[in-house]
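Enquirer: Structure of the sequence below:
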Amino acid sequence: MKLKPLFDRIVLLPKKSEEMKGGIILPTAAQEKSQIATVVAVGDGGAPDGKNVPIKVQVGDDVLYSKYAGVEYEEDGEKFVIIRQPDILAIVKK
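Expert: Okay, here's the model as predicted:
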């Protein structure tokens, strides 16, 4: 990955959403956007206004994030989401 997020930004790789619901195959456009993702890169913390904001997640963590948060980015055919740390709702324990 060529991205290095700044401040409290985090790069996520969303998990694939389920394609079958009750035996019916849904087209990609009709599927809900997944809200669970894997952390692939984290910023150094802090904020543009100079406040110290420590990063609470680590690379490899699975997280639940706000549905409409972030900016989508595509690299090498993979779709990533770049979000701010406050948009992470929880760490999903395995």
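
Enquirer: Spatially central residue in the protein, please.
Expert: Centroid-nearest residue in the chain, with C-alpha atoms, centre = their mean: residue 12, separated by 3.1 Å.

Enquirer: what's the distance between the residue nearest to residue 66 when sequence neighbours are not counted and residue 76?
Expert: Using C-beta to C-beta, 6 or more residues apart in numbering and skipping residues adjacent in sequence, the residue nearest residue 66 is residue 87, 4.6 Å away. Every C-beta, even on glycine, is put in place using the N, C-alpha and C of the backbone. Look at residue 87 and residue 76: by C-beta to C-beta, to the nearest Å, they are 24 Å apart.

Enquirer: okay, these two: which has more neighbours?
Expert: residue 87 (18 against 6; other C-beta atoms under 10 Å).

Enquirer: is it true that the more buried one touches residue 69?
Expert: Yes - taking contacts as C-beta atoms under 8 Å, residue 87 lies within contact range of residue 69: 3.7 Å.

Enquirer: circling back to that earlier point, quick one: pLDDT of the residue nearest to residue 66?
Expert: Residue 87 is assigned a predicted lDDT (pLDDT) of 95.

Enquirer: contacting residues around it?
Expert: 65, 66, 69, 70 (C-beta atoms under 8 Å, 6 or more residues apart in numbering).

Enquirer: Could I get the phi/psi values of it?
Expert: Phi and psi for residue 87, reported as degrees, to the nearest 10, are phi -80, psi -10.

Enquirer: Same check on residue 64?
Expert: phi -100, psi 130.

Enquirer: Equivalent analysis for residue 45, please.
Expert: According to degrees, to the nearest 10, residue 45 has phi 90, psi -170.

Enquirer: Who are the contact partners of it?
Expert: 7, 8, 52, 53, 54, 55.

Enquirer: Rank the residues you listed by pLDDT and give me only the lowest.
Expert: Among those, residue 53 has the weakest pLDDT, 80.

Enquirer: Could you verify my assumption that that one touches residue 42?
Expert: No - if you go by C-beta under 8 Å, residue 53 and residue 42 don't touch, sitting 11.6 Å apart.

Enquirer: quick one on the thing from earlier: which SSE is the residue nearest to the centre of the chain in?
Expert: strand 9-14 (DSSP states H and E).

Enquirer: Thank you kindly, that will do.
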